[in-house]
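> kindly return the folded structure for what I paste below:
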Amino acid sequence: MQPTNTADPAYFHQVVDCQWACPAHTPVPEYIRLIAQRRYGDAYMVNWVSNVFPGILGRTCDRPCEPACRRGRVEDGHAAAPEPVAICRLKRVAADLKEDVRSRMPPRGARNGKRVACVGAGPASLTVARDLAPLGYQVTVFDGEAKAGGFIRTQIPRFRLPESVIDEETGYIMDLGVEFVAGRRIESMQALLAEGWDAVFVGCGAPRGRDLDLPGRQEAAANIHIGIDWLASVSFGHVTQVGKRVIVLGGGNTAMDCCRSARRLGGEDVKVIVRSGFEEMKASPWEKEDALHEGIPIINYHVPKAFVHEGGRLTGMTFEVVRAEYDAKGSRSLVATGEPDAFFACDEVLIAVGQENAFPWIERDSGIAFDQWGLPKLDARTHQSTVPNVFFGGDAAFGPKNIITAVAHGHEAAVSIDRLLNGENPAQRPPPTVNLMSQKMGIHEWSYHNETSLDVRYKVPWAKAEAALASIKVEVELGFDAATAFKEAERCLNCDVQTVFTQSTCIECDACVDICPMDCITFTADGDEADLRTRLKAPATNLSQPLYVSGALKTGRVMVKDEDVCLHCGLCAERCPTGAWDMQKFLLRTTQAGPACRDAKAARVAQEVAAS
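Numbering: from 1, shown residues only. Predicted coordinates:
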């Protein structure tokens with residue numbers, strides 16, 4: 001194998017599993033260490049730079065970071081139920097316990113004469129505004145509702161996300177000098193472009209919920225509702241009660257919000273019915289757990305057939321009972337079991353079987369091309385449409401995802417807009433930069449706490465059931481207190497503090513091999529990767545994690561380290577008699593809009609102009 005290029009930003013980035021999995025590349029271990037030091041404001045600002053909405057995401061994020069967490073892997077076989085660090089809930093700790101951070105927000109930038117319109121006030125548009133307003137762009141956000149937030153405000157129930165948190169974090173962005181035009185729904189892209197905007201960003205979400213065209217749908221329409229529309233009506237107070245017997249169709253997070261909301265609005269018999277198996281449901285595992293915890297059954301492998309009604313009054317639904325069968329290629333199909341159709345009585349049905357994009361306001365002769373699924377044709381990295389100064393992000397770009405993905409899209413689109421409006425090619429952008437800094441304070445002392453905690457994951461306390469289920473506005477999760485947050489933070493393995501090897505000082509004494517608690521260091525003859533993975537002290541079977549390979553040592557051997565299960569404990573560096581191993585903190589600086597994202601020559605010119 002070729003020696004590992006540790007100067008490549010992607011190498012150690014991939015080793016920080018949580019940050020690698022986060023679409024916005026939040027430096028998770030960095031802010032968790034700050035929480036352990038009770039530096040909550042600092043932890044909040046580290047989050048704010050990358051994910052923009054720490055308080056919101058600390059309650060609602062889909063947590064792609066947690067399944068990737070190294071803690072779950074290294075505990076496998078040693079703990080009864082290996083669980084990742086509660087990364088998401090620690091983010092909420094930073095938001096809940098921070099001091100006033102308004103003075104730490106960027107100042108309003110002096111106007112640069114460029115105007116950017118953002119359609120929709122959801123997380124993608126607000127991220128674009130956050131990135132561009134401090135640079136001097138006049139950013140105007142248009143939305144049909146009275147307050148910013150988009151689907152964050154209208155679709156997520158208040159028992160999961162209090163409105164005060166939304167107001168606070170959208171307020172930080174508006175305070176940067178962003179103009180918010182409430183109550184204006186854009187009706188025509190051509191008319192918007194005619195207003196002379198230098199760039200337009202479309203972040204209007206996927207606002208149309210899918211319907212089910214089944215027998216009885218029209219006759220019983222009064223008691224059948226599209227899930228996302230119904231949630232919005234609940235949010236605005238237009239819906240305050242529901243029938244006693246409610247069926248929720250669908251297996252995603254919207255379905256979980258619908259069933260839990262219905263439970264709080266008077267539903268006594270609320271059930272979720274899905275076509276797929278329980279494990280195949282798109283809802284996050286914890287969302288399903290929360291619904292089950294509140295006594296809501298989830299009935300799987302039932303395909304809806306008809307809405308049953310009497311004189312236009314909904315009385316129930318019939319379902320075909322199916323099972324899953326898999327072919328030789330692993331493709332699944334649902335096959336009828338032959339059992340009689342199942343009937344479930346109900347007073348109301350909430351349909352939450354998916355969302356789709358709807359762009360009736362974008363004229364098909366506006367120059368913006370769409371694909372066969374009705375999505376805009378975009379450059380996947382720049383988010384640029386076939387009209388060069390029109391960009392898309394969030395659910396409007398590639399279909400429904402989640403908040404943190406929308407934030408990531410906003411950052412990327414902001415870079416593209418900034419480069420375009422400075423006369424540069426949006427497709428050519430600088431890579432992220434990295435910083436590696438030794439954590440050594442003495443021969444055997446480190447600047448971070450490197451003792452590995454054996455604690456199991458701490459549970460987030462809940463409000464009492466009688467209070468939580470009695471009101472749609474009582475927040476269910478109470479969050480960690482400071483003491484519990486500290487203990488949970490101690491479970492983090494500091495994966496961003498990297499083991500860095502200097503081959504020129506290695507004397508091949510194998511002391512690091514002897515002391516490594518995970519047997520992840522081996523000195524052996526070189527070979528190709530497939531061969532090396534089988535010859536290590538402990539075979540490296542996780543192909544998604546790289547091998548750290550040195551150049552040829554004095555004996556001709558190479559050092560090979562399996563990055564998969566390394567605890568980042570620093571014992572190799574403590575034991576090494578020559579200092580060939582060092583623990584160095586890795587910090588990834590993602591590319592963001594501003595002079596740093598532009599070509600070096602253009603950046604120098606801009607600085608000279610500003611100085612004059």
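> from now on I want contacts and neighbour counts done on CA atoms only, so please keep to that.
OK.
> so D531, which of the three states?
For D531, the secondary structure call by DSSP: H, G, I helix; E, B strand; the rest coil comes out as helix.
> give me the number of residues near it?
Burial of D531 is recorded as 10 neighbouring residues (other C-alpha atoms under 10 Å).
> likewise for D365?
Here the neighbour count serves as a burial measure; for D365 (other C-alpha under 10 Å) it reads 8.
> do V181 as well
When counting by other C-alpha under 10 Å, one arrives at 18 neighbours for V181.
> now swap in D100 and tell me
Based on other C-alpha under 10 Å, the number of other residues close to D100 is 8.
> for D371, same thing?
Here the number of neighbours of D371 (other C-alpha under 10 Å) works out to 9.
> then G442?
9.
> give me the pLDDT for it.
Model confidence at G442, expressed as pLDDT, equals 74.
> distance of it relative to R33?
Distance of G442 to R33, given as C-alpha to C-alpha, to the nearest Å: 20 Å.
> then L378?
Distance from L378 to R33, counting by C-alpha to C-alpha: 38 Å.
> likewise E445?
According to C-alpha to C-alpha, E445 stands 17 Å off from R33.
> and the two? which has more neighbours close in?
A side-by-side neighbour count of E445 and R33, using other C-alpha under 10 Å, places R33 first with 19 against 13.
> any idea which helix or strand carries that one?
Secondary-structure assignment from DSSP states H and E places R33 in helix 28-36.
> do L90 as well
Here L90, judged by DSSP H and E, is contained in helix 87-97.
> hmm, who's touching that helix?
28, 32, 35, 40-41, 43-44, 47, 54-59, 61, 63, 65-66, 460, 479-482, 485, 488-489 (C-alpha atoms under 8 Å, 6 or more residues apart in numbering).
> give the PyMOL command for selecting the buried subset of those residues.
Of those, the buried ones go into a single PyMOL selection, burial set by 16 or more other C-alpha atoms under 10 Å:
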select buried, resi 28+32+35+40+41+43+44+47+54+55+56+57+58+59+61+63+65+66+479+480+482+485+488+489
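> render the CA-only coordinates of the helix holding R33 in PDB, please.
Coordinates of the C-alpha atoms in helix 28-36 are reproduced here as PDB (Å, rounded to 0.1, in the frame of the first residue of the first chain):
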ATOM      1  CA  VAL A  28     -19.000  17.000  17.300                       C
ATOM      2  CA  PRO A  29     -16.100  16.000  19.700                       C
ATOM      3  CA  GLU A  30     -15.000  19.700  19.900                       C
ATOM      4  CA  TYR A  31     -18.300  20.900  21.200                       C
ATOM      5  CA  ILE A  32     -18.800  17.900  23.500                       C
ATOM      6  CA  ARG A  33     -15.500  18.600  25.200                       C
ATOM      7  CA  LEU A  34     -16.600  22.200  25.700                       C
ATOM      8  CA  ILE A  35     -19.900  21.000  27.300                       C
ATOM      9  CA  ALA A  36     -17.800  18.800  29.700                       C
END
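> that helix: what's the following helix or strand?
Elements were assigned by DSSP H and E; along the chain past helix 28-36, the next helix or strand is helix 40-51.
> ok, the longest strand along the chain: who's next to it in the sheet?
Taking DSSP state E as the assignment, the strand of the chain that covers the most residues is strand 313-326. Here strand 313-326 has these sheet partners by DSSP bridges: strand 302-310 (antiparallel), strand 332-336 (antiparallel), strand 342-345 (antiparallel).
> can you redo the ones you listed as a markdown table with mean pLDDT?
Listed next are these as a markdown table, based on pLDDT from 0 to 100:
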| stretch | mean pLDDT |
| --- | --- |
| strand 302-310 | 97 |
| strand 332-336 | 92 |
| strand 342-345 | 97 |
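> can you pull out the helices in the stretch 151-300 of the chain?
Taking DSSP state H, counting those that start in this stretch, the helices of the stretch 151-300 of the chain run over residues 151-154, 163-174, 189-193, 227-235, 253-264, 285-293.
> quick one, which of these is packed in tightest?
Sort these by mean neighbour count, taking mean count of other C-alpha atoms under 10 Å, and helix 253-264 sits at the top with a mean of 26.
> quick one: that one to chain centroid distance?
21 Å (C-alpha atoms, centre = their mean, to the nearest Å).
> tell me which strands and helices it is in contact with?
For helix 253-264, the helices and strands in contact under the criterion 3 or more C-alpha pairs under 8 Å, 6 or more residues apart in numbering; DSSP states H and E are helix 227-235, strand 245-249, strand 269-273, helix 285-293.
> ok, 10 Å please
In this structure, helix 253-264 makes packing contacts with helix 227-235, strand 245-249, strand 269-273, helix 285-293, strand 348-351, judged by 3 or more C-alpha pairs under 10 Å, 6 or more residues apart in numbering; DSSP states H and E.
> can I get the ones you listed in CSV with distance to A397 and mean pLDDT?
Compiled in CSV, those are given as follows (distance: least, C-alpha to C-alpha, whole Å; pLDDT from 0 to 100):
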stretch, distance to A397, mean pLDDT
helix 227-235, 19, 95
strand 245-249, 26, 98
strand 269-273, 29, 98
helix 285-293, 25, 93
strand 348-351, 24, 98
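> and the next element down the chain from the strand or helix carrying Q498?
For Q498, the host element (DSSP H and E) is strand 497-501. Scanning the chain past strand 497-501 towards its C-terminal end, the next helix or strand to appear is helix 511-515 (assignment: DSSP H and E).
> list the buried residues for that following helix?
Within helix 511-515, the residues that qualify as buried by neighbour count (16+ other C-alpha under 10 Å) are 511-513.
> so which of those is the closest to F278?
When the buried residues of helix 511-515 are compared for distance to F278 (C-alpha to C-alpha), V513 comes out closest, at 44.1 Å.
> which helix runs longest in the chain?
Identified as the longest helix of the chain according to DSSP state H is helix 403-420.
> and the closest residue to L553 other than its chain neighbours, how far from G295?
Once its chain neighbours are removed from consideration, L553 has its nearest residue in Q503; the separation is 6.6 Å (C-alpha to C-alpha, 6 or more residues apart in numbering). Distance from Q503 to G295, counting by C-alpha to C-alpha: 59 Å.
> just the endpoints, please. Distance across stretch 172-183?
End-to-end distance for stretch 172-183: 20 Å, by C-alpha to C-alpha.
> what count of nearby residues applies to the nearest residue to V270 once chain neighbours are set aside?
Nearest residue to V270 in three dimensions, chain neighbours excluded: V246, at 4.7 Å (C-alpha to C-alpha, 6+ apart). Summarising burial for V246: neighbours were counted as other C-alpha under 10 Å, giving 28.
> thought V246 was touching A255?
No: in this structure V246 lies outside contact range of A255 using C-alpha atoms under 10 Å: 12.0 Å.
> hey, what's in contact with both of these two?
Where contact means C-alpha atoms under 10 Å, 6 or more residues apart in numbering, the residues bridging V246 and A255 through contact with each are 272, 350.
> next, count neighbours for T382.
Taking other C-alpha under 10 Å as the criterion, the count of residues near T382 is 23.
> let me see the contact set for it.
Counting by C-alpha under 10 Å, 6+ apart, the residues that T382 touches are 391-393, 409, 411-417, 425-429.
> what about these, which one has the most neighbours?
Among the contacts of T382, G393 has more neighbours than the rest - 31 neighbours, counting by other C-alpha under 10 Å.
> W446 pairs with what?
Counting by DSSP bridges, W446 is bridged to K440.
> shouldn't it be in contact with Q439?
Yes: look at W446 against Q439 with C-alpha under 10 Å: they come within range, at 5.5 Å.
> separation between H383 and R184?
Counting by C-alpha to C-alpha, the separation of H383 from R184 is 24 Å.
> I meant to write A306 there.
Distance, A306 to R184, by C-alpha to C-alpha: 39 Å.
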